[in-house]
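> Fold the stuff below for me.
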Amino acid sequence: MTLIKYIALPALILVTAIVYWFLAYEPAGAVMLIIFAIAMGVMGWVLVPTFGDVGPTAPVDPDWHERNG
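I've put the predicted structure just below:
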């Protein structure tokens, strides 16, 4: 399941780039889509492992009370 998280979006963008190339024969758009797929792959490689992480939270002060005035 984790591998799917890493490659799902970049693979979909790459498929879109391939379909775009065969339908339009326009290299600039296909190259931009391929670069975007690579960027999404790098983002997934960096960020997906941190999805479950919860950072430290601030301590709660039991003596603090919010005033209504």
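> which ones are touching Ile18?
By C-beta atoms under 8 Å, 6 or more residues apart in numbering, the residues touching Ile18 are Ala30. Glycine gets a C-beta too; all of them are placed from N, C-alpha and C.
> In what element of secondary structure is it found?
For Ile18, the host element (DSSP states H and E) is helix 2-24.
> Could you tell me the average pLDDT over the helix or strand just after that helix, please?
Remark: after helix 2-24, the chain's next helix or strand is helix 27-47, criterion DSSP H and E. The pLDDT scores in helix 27-47 average 90.
> Give me the buried positions along helix 27-47.
Buried residues in helix 27-47, counted by 16 or more other C-beta atoms under 10 Å: 30, 33-34, 36-37, 40-41, 44.
> picking up where we left off before, report the angle between the helix holding Ile18 and helix 27-47.
Between helix 2-24 and helix 27-47, the angle comes out at 170 degrees (axes from the mean of the first three to the mean of the last three C-alpha atoms, to 10 degrees).
> which of the residues in helix 2-24 are buried?
With burial defined by 16+ other C-beta under 10 Å, the residues of helix 2-24 counted as buried are 7, 10, 13-14, 17, 20-21.
> for stretch 60-67, same thing?
By 16+ other C-beta under 10 Å, stretch 60-67 has no buried positions at all.
> can you give me the mean pLDDT across the helix holding Ile18?
For helix 2-24, mean pLDDT is 87.
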